[in-house]
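Chemist: Sequence first, predicted model second:
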Amino acid sequence: MKSRIITAVLGIPVVFLILWAGYPWIWIAFSLVSSIAILEFYALNPSNRPILIKIVGVFWLNMLLASNYLLNLALIDILILGLVGIPTINFFLQIIAFCKHKFNRPLKLKQQFSYSLHTLVGVIYIGLPAFLLLDIRNEINGFELLTIIIFGVFVTDTFSFFTGKLIGTRKLAPTISPSKTWEGAIGGFLFGSIFTICMTHIVAVFNNFQLTMFFGFLLATSAQIGDLLESKLKRMAKVKDTGTIIPGHGGVLDRMDSIILTTVVLYPLIKWGVE
């Protein structure tokens, strides 16, 4: 608990400064964090795949993040290239890697497809939300929007955790995350949505107050669903945390889990609401 609080206190100013600094610092930070997260995602499904295969995923992830900033490509361009490029690169890398290892034959087509699909899923699962967050930063109120999303998710997670610890008795999803309770979920929803609605209204992101309220409710709900989805992935992989890089919090993916779904859900609303 102590290390969790210390990490949060030290990390909040750093996150705020990165969001405020904008390009290229925010792109560099997102690239580093997302690269660690995608490697943690691949580690949830351990296999005998060569490390080069994982590097392909990291490469494609960074192509995606750099597309608007450096390559002047659209999101759909990178994903279409990924559908063709990732299986092709995987195939040749596996030939090289397996030939070096006692001259074994490359993987069968079914295994090749499985590896390529998992590599691409990692790029989409981690890279898509990161790409959308960077795109939101380019909006007129981009800094404010990103700050509200990230800290709104943080408030939701924090109050969900502490409310559950204090008064939680009814299990929310015992087979997925035994520690989560309905009381914690309600506490996280209430405080998360109130914080988000208040901050969104103060900085006047949307002209419509009903839209502002919907934005807050949607954020507080999707943040907790995203947390549960990642807990399901960890349960399937039979691990408690995706890593140990963040003291008291686990891995980078453990901190990104709520933001991943929240960003994808809120992005269309932001694009529609700020116009």
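Modeler: Done, it's in.

Chemist: Next SSE downstream of whichever strand or helix holds Ile78?
Modeler: Using DSSP states H and E, Ile78 sits within helix 75-100. As assigned by DSSP H and E, the chain's next helix or strand after helix 75-100 is helix 109-122.

Chemist: Keeping just the C-alphas, turn that next one into CSV.
Modeler: Extracted in CSV, the C-alpha atoms of helix 109-122 (Å, rounded to 0.1, in the frame of the first residue of the first chain):
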residue,chain,number,x,y,z
LEU,A,109,0.9,-22.9,-41.4
LYS,A,110,-1.6,-23.1,-38.5
GLN,A,111,1.0,-22.2,-35.9
GLN,A,112,2.4,-19.4,-38.2
PHE,A,113,-1.1,-18.0,-38.4
SER,A,114,-1.6,-18.2,-34.7
TYR,A,115,1.7,-16.3,-34.0
SER,A,116,0.9,-13.6,-36.6
LEU,A,117,-2.6,-13.1,-35.2
HIS,A,118,-1.3,-12.8,-31.7
THR,A,119,1.4,-10.3,-32.8
LEU,A,120,-1.2,-8.2,-34.6
VAL,A,121,-3.7,-8.4,-31.7
GLY,A,122,-1.0,-6.9,-29.4
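
Chemist: That one: how far from the chain's middle?
Modeler: Averaging C-alpha positions (C-alpha atoms, centre = their mean, to the nearest Å) puts helix 109-122 20 Å from its chain's average.

Chemist: ok, now stretch 6-23?
Modeler: 17 Å.

Chemist: and what of stretch 62-72?
Modeler: How far stretch 62-72 lies from its chain's middle: 18 Å, per C-alpha atoms, centre = their mean.

Chemist: what does stretch 133-141 give?
Modeler: That offset, for stretch 133-141, works out to 17 Å (C-alpha atoms, centre = their mean).

Chemist: Name the residues of whichever strand or helix holds Ile194 that are buried.
Modeler: Per DSSP H and E, Ile194 falls inside helix 182-202. By 16 or more other C-beta atoms under 10 Å, the buried positions in helix 182-202 come out as 183-189, 191-193, 195-197, 199-200. Where you see a C-beta, it was placed from the backbone N, CA and C, and this is true even at glycine.

Chemist: Now do that helix: which elements does it pack against?
Modeler: Packing partners of helix 182-202 (3 or more C-beta pairs under 8 Å, 6 or more residues apart in numbering; DSSP states H and E): helix 142-167, strand 171-173, helix 209-237.

Chemist: The last one vs helix 142-167, what angle?
Modeler: The one in question is helix 209-237. Orientation check (axes from the mean of the first three to the mean of the last three C-alpha atoms, to 10 degrees): helix 209-237 against helix 142-167 gives 60 degrees.

Chemist: Next, the angle helix 182-202 makes with helix 209-237.
Modeler: 140 degrees.

Chemist: try the first one
Modeler: Computed by the same axes, to 10 degrees, the angle separating helix 142-167 from helix 182-202 equals 150 degrees.

Chemist: And helix 142-167, what does it pack against?
Modeler: Looks like helix 142-167 contacts helix 2-21, helix 128-137, strand 177-181, helix 182-202, helix 209-237, helix 252-273 (3+ C-beta pairs under 8 Å, 6+ apart).

Chemist: Now with 6 Å, please.
Modeler: helix 2-21, helix 128-137, helix 182-202, helix 209-237, helix 252-273 (3 or more C-beta pairs under 6 Å, 6 or more residues apart in numbering; DSSP states H and E).

Chemist: So for the helix holding Ile78, mean pLDDT?
Modeler: For helix 75-100, mean pLDDT is 69.

Chemist: re the thing from before, need the helices and strands packed on helix 142-167 in JSON lines (columns: distance to Ile78 and mean pLDDT).
Modeler: Below are these laid out as JSON lines (distance: least, C-beta to C-beta, whole Å; pLDDT from 0 to 100):
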{"stretch": "helix 2-21", "distance to Ile78": "23", "mean pLDDT": "82"}
{"stretch": "helix 128-137", "distance to Ile78": "8", "mean pLDDT": "92"}
{"stretch": "helix 182-202", "distance to Ile78": "30", "mean pLDDT": "95"}
{"stretch": "helix 209-237", "distance to Ile78": "23", "mean pLDDT": "92"}
{"stretch": "helix 252-273", "distance to Ile78": "16", "mean pLDDT": "91"}
